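Peer 1: Got a predicted model here, sequence first, then my questions.
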Amino acid sequence: MNQARLTLALPPLSQLNTPYPSIAYLARAMNDAGRTCSLQDLGLAFMLRLLSKEGLCAVFDELDEREHLPEPAWRALALRRQHENAIDAVIRFLQGQDRTVSQRILGTPFLPGGPRLDDADLTDFGRLGSDDAARRLATLYVEDLTDLITSTIDQGFSLAQYSHHLATGPVTFEPILERLSQETILDGLVDAVVDDMIEETQPDVVGLSVPFPGMLVSALRIGRRLRQKGIYVVLGGGYPNTELRDVNEERLWDFIDAITYDDGEGPLLAILQHLEGGPDQRHRTKTKDGQHENEAPHHPFVSSGTHNDLPLHRYLQLVDSENPAHRLWSDGRWNKMTLAHGCYWKRCAFCDVDLDYIASFTPSHVKSLADDMERIIDETGESGFHMVDEAAPPRVMRDLALEILARGMPVSWWGNIRFERTFTPDLCRLLSASGLVAVTGGLEVASDRLLALMDKGITVEQAAQTANAFQQAGVMVHAYLMYGFPTQTEQETVNAMEVVRQMFEAGILSSAFWHRFVLTKHSKVYQNPEKYGVQIPPLPGGNIFATNDLPHLDPTGADPDRFDRDLVKSLHSWMRGNDLEIPVHVWFDPPLLPTSEHPKRIQKAITAKASEGEQLVWIGGQALDSPNGMVLHSHDHEIVVGGRSNERQWLWEVIEAARPEQEALPLGDAIAAFPGDWSKYQKRWDKVRQAGMLLV
């Protein structure tokens, strides 16, 4: 064939506020290889059809035929006309197209009530936060509609996933097949958006990106429909990379033609070349014929995407959480970028350290990153960037911050980090000055013994000092927390809870979230269970379809079920500044043993002397001379630094040489050029540091 027409698509359902970046990254790689492709977010298209007057009419028509419905459904059915009249305006408002609707949402009877909307609490939004408050109510209204559909039409449906429970391993293929044999209103809408995609893009090949379990069932349904029309279907993304590496299910090939593993750019290009009659260089690819591992050309990883024809203006800006970090994920259309491929640490025992997306670390070139940021701002009209690294490398972050400041780029950015000592207070101030607004990082078990066991490479004190440095620089800090790690005792879990309480009390965390430990097949815990004290029972008989998430026994650890509810409950209060005086063990019924942590452990940690860097960077304004000395302006205040005329001249030269666009200026070089006794200048130098002279 001639060059194959390629469409890259996201199946339902993932984020609704911004396109998941996988297909945009792939599109950039295809463009770099001289190929064109179309991009389709079928999840967004599906939800916009469902959450419309026409979509709700179809839902209510079906419910009208039912004799048995849950109580909230009867109420929704009674308010059918109000729902149908409101939904299109609500969606336009959540897309940012009609902000005046906020006044009606807040001030008049407009949104038909439901369980979530009835319990709405707007106390956190403030007297003037009308737009946010209205979006919060509109989001709860949409969630009520989602709950209605879940309880009456499809129990696997939710706002950001679709039949997630059927795809989380270890699972067999039979329940997935059973769901794929069913036909609901939702299935009809999926079919309709697929048919629209086919008509619009006329593809020969469709690549379906499946990053999450809650997208697999819809992806297979889409794949089957595409194959029935003679279209070649490739499945890739995070889910097949982890869950389907060892898949041995013949029936899968009724739905797709190929699976690609690891970075999809090279394998996809090789598939296209093979289909077009070129040499067979398929690699990291599985088809009905087996695994393909031919020698392949090297393809550099792509650090950003191109959005081609994605309808960015149609995404929904939901306020689905009062957790400030969670709002970053679901509110706002953040552009996605990657500072480095893989993880520079790649040693954590719970992580997929054997897989390429963790194991192969390659940093991006900073000037290319900044070029991409400028290109993407022009392309999308948005200046916010989410760095989607496993752990953003501190040195790349520093160099990117300097490049952003040197170019005068007014961007906002955030990403995931490790709470390591490299993030000094001055480095955090530099990152903040460049537009860093938030960081997320793994505090995990908040226990030095367990942090060492999992080879996290940090201590509790170190994490506290890093979190404090970011918060003092005005950067929001979110902590990932873990419980149920192998051998974690009940006392250690209570102690970890106390550490987190102290961090909120000290004001060094803005938000956090507890995750329960899950054993995965590509982790060090699975590879060496004896070291971590776990037992891995054999999988049940039969052909297992997905095998990444595995059950395990932890004979010496506490029962994680004991903590599920109260860890979350206490954290919700602490994030609002409430109940910090309550001893952590009494959150449980019956109470557990009191904590054995020192009551001032975190306070002592954050008052310890911080380390400093060696390179001078000036982030303040223009230095002005005055009769009283040099006047140094920062963003929010000014400082006057006196001294002799030659000292003032030296300071002016140091400030100019330390600007981000200049070559690196070591502190030692500046001191060597000082025209006098440096030890007598220290008090004045401290004032210069306060005004914006950093050591990074």
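Peer 2: That came through fine.
Peer 1: Thought residue 438 was touching residue 416, still the case?
Peer 2: No. Using Cβ atoms under 8 Å, residue 416 is not in contact with residue 438, being 10.1 Å away. Bear in mind the C-beta positions are built from the backbone N, C-alpha and C, glycine included.
Peer 1: Kindly list the single helix or strand of this structure that scores lowest on mean pLDDT.
Peer 2: Taking mean pLDDT, DSSP states H and E as the measure, strand 161-162 is the helix or strand of the chain with the lowest mean score, a mean of 76.
Peer 1: and the nearest residue to residue 314 once chain neighbours are set aside, what is it in contact with?
Peer 2: Nearest non-adjacent residue to residue 314, counting by Cβ to Cβ, 6 or more residues apart in numbering: residue 95, 6.0 Å away. By Cβ atoms under 8 Å, 6 or more residues apart in numbering, the residues touching residue 95 are 313-317.
Peer 1: What residues of stretch 153-161 count as buried?
Peer 2: 153-154, 156-161 (16 or more other Cβ atoms under 10 Å).
Peer 1: what distance separates it from the middle of the whole chain?
Peer 2: On the basis of Cα atoms, centre = their mean, to the nearest Å, stretch 153-161 sits 21 Å off its chain's mean C-alpha point.
Peer 1: Also stretch 639-646?
Peer 2: That offset, for stretch 639-646, works out to 47 Å (Cα atoms, centre = their mean).
Peer 1: Counting neighbours, show which residues of that stretch come out buried.
Peer 2: In stretch 639-646, counting by 16+ other Cβ under 10 Å, buried: 639, 641, 643.
Peer 1: Let me see the contact set for the nearest residue to residue 64 once chain neighbours are set aside.
Peer 2: Closest residue to residue 64 apart from its sequence neighbours, by Cβ to Cβ, 6+ apart: residue 77 at 6.9 Å. With Cβ under 8 Å, 6+ apart as the criterion, the residues that contact residue 77 are 60, 63-64, 69.
Peer 1: Out of the buried residues of stretch 639-646, name the ones that lie in strands.
Peer 2: Here DSSP state E is the test, and the buried residues of stretch 639-646 give 639, 641 as lying in strands.
Peer 1: Among the buried residues of stretch 639-646, which one sits closest to residue 554?
Peer 2: Top of the list for closeness to residue 554, among the buried residues of stretch 639-646 and by Cβ to Cβ, is residue 639 at 56.0 Å.
Peer 1: Run through the bridge partners of the closest one.
Peer 2: Legend: beta-bridge partners of residue 639 under DSSP bridges are residue 632.
Peer 1: My guess is it contacts residue 686. True?
Peer 2: No. Look at residue 639 against residue 686 with Cβ under 8 Å: they stay out of range, at 10.0 Å.
Peer 1: still on that earlier bit, for the contacts of residue 95, which one is nearest residue 335?
Peer 2: Distances from residue 335 to the contacts of residue 95, taken by Cβ to Cβ, are shortest for residue 315, at 12.3 Å.
Peer 1: Go ahead and confirm that closest one touches residue 19.
Peer 2: Yes. Using Cβ under 8 Å, residue 315 makes contact with residue 19 at a distance of 7.3 Å.
Peer 1: Give the intersection of the neighbour lists for the two.
Peer 2: residue 44.
Peer 1: out of the two, which sits in the more crowded spot?
Peer 2: Taking other Cβ atoms under 10 Å, residue 315 and residue 19 do not tie; residue 19 has more neighbours (25 against 21).
Peer 1: my read is the more buried one is in a strand, agree?
Peer 2: No. The assignment for residue 19, made by DSSP: H, G, I helix; E, B strand; the rest coil, is coil rather than a strand.
Peer 1: Show the buried residues in the contacts of residue 77.
Peer 2: 60, 63, 69.
Peer 1: Which helix or strand contains the last one?
Peer 2: It refers to residue 69. For residue 69, there is no enclosing helix or strand under DSSP states H and E.
Peer 1: May I have the phi/psi pair for it?
Peer 2: Dihedral pair for residue 69: phi -140, psi 150, per degrees, to the nearest 10.
Peer 1: I'd like to know how far it sits from residue 148.
Peer 2: 9 Å (Cβ to Cβ, to the nearest Å).
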